[in-house]
Every structure is written in structure tokens, then in C-alpha cells.
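Trainee: the sequence and its predicted three-dimensional model are supplied below.
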Amino acid sequence: MKYPHEYTERPGEHNDDYWGRAVDFQVLFLIVFLGGMYRLL
């Protein structure tokens, strides 16, 4: 199956700084994604 998607790879080690930024990005994505879903209801 081919689903549209985005793949992003960022430089850096998997340390606290990396995960701190990664979590912020994922939370932002979920807010935008879930916000769009609520508009469909």
C-alpha cells in the first residue's frame, strides 16, 4: 500500500536535546492533525 507521507531526518545524537526538540515537533504535528479532525466532526 502506498500512503502519502513525509519523512524527516535531523542531524544529532539521540540525547536529551534531540528528544526535547523531537517531542516538541511531534506535539505540534498532533495539535495540527487532531485540530483538523475536530473540524470534520
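Mentor: Everything's here; your move.
Trainee: what about the helices in the protein?
Mentor: Along the chain, the segments classed as helices by DSSP state H run 16-40.
Trainee: find the centremost residue of it, please.
Mentor: residue 26 (3.2 Å; CA atoms, centre = their mean).
Trainee: how much space separates that one from residue 1?
Mentor: As judged by CB to CB, to the nearest Å, residue 26 and residue 1 stand 23 Å apart. Yep, even glycine has a C-beta here, placed from its N, CA and C like the rest.
Trainee: OK, contacts around residue 13?
Mentor: With contact set as CB atoms under 8 Å, 6 or more residues apart in numbering, residue 13 has no partners.
Trainee: what do you get for the one 10 residues further on?
Mentor: The contact partners of residue 23, taken as CB under 8 Å, 6+ apart, number zero.
Trainee: how confident was the prediction at the residue nearest to the centre of the chain?
Mentor: What the model reports for residue 26 is a pLDDT of 88.
Trainee: what's the answer for residue 22, then?
Mentor: On the pLDDT scale, residue 22 gets 84.
Trainee: would you quantify the distance from the closest residue to it other than its chain neighbours to residue 20?
Mentor: Nearest residue to residue 22, sequence neighbours excluded (CB to CB, 6 or more residues apart in numbering): residue 10, at 7.7 Å. The gap separating residue 10 from residue 20 is 12 Å, by CB to CB.
Trainee: next one: residue 32
Mentor: For residue 32, the distance to residue 20 equals 19 Å [CB to CB].
Trainee: which residues of the protein score low on pLDDT?
Mentor: Counting by pLDDT under 70, the low-confidence segments of the chain come to 37-41.
Trainee: hmm, try it at 80
Mentor: Along the chain, segments meeting pLDDT under 80 span 1, 10-12, 36-41.
Trainee: burial count for the residue nearest to residue 12 when sequence neighbours are not counted?
Mentor: Excluding the flanking residues, the one nearest residue 12 by CB to CB, 6+ apart is residue 18, at 4.6 Å. For residue 18, the count of nearby residues is 13 (other CB atoms under 10 Å).
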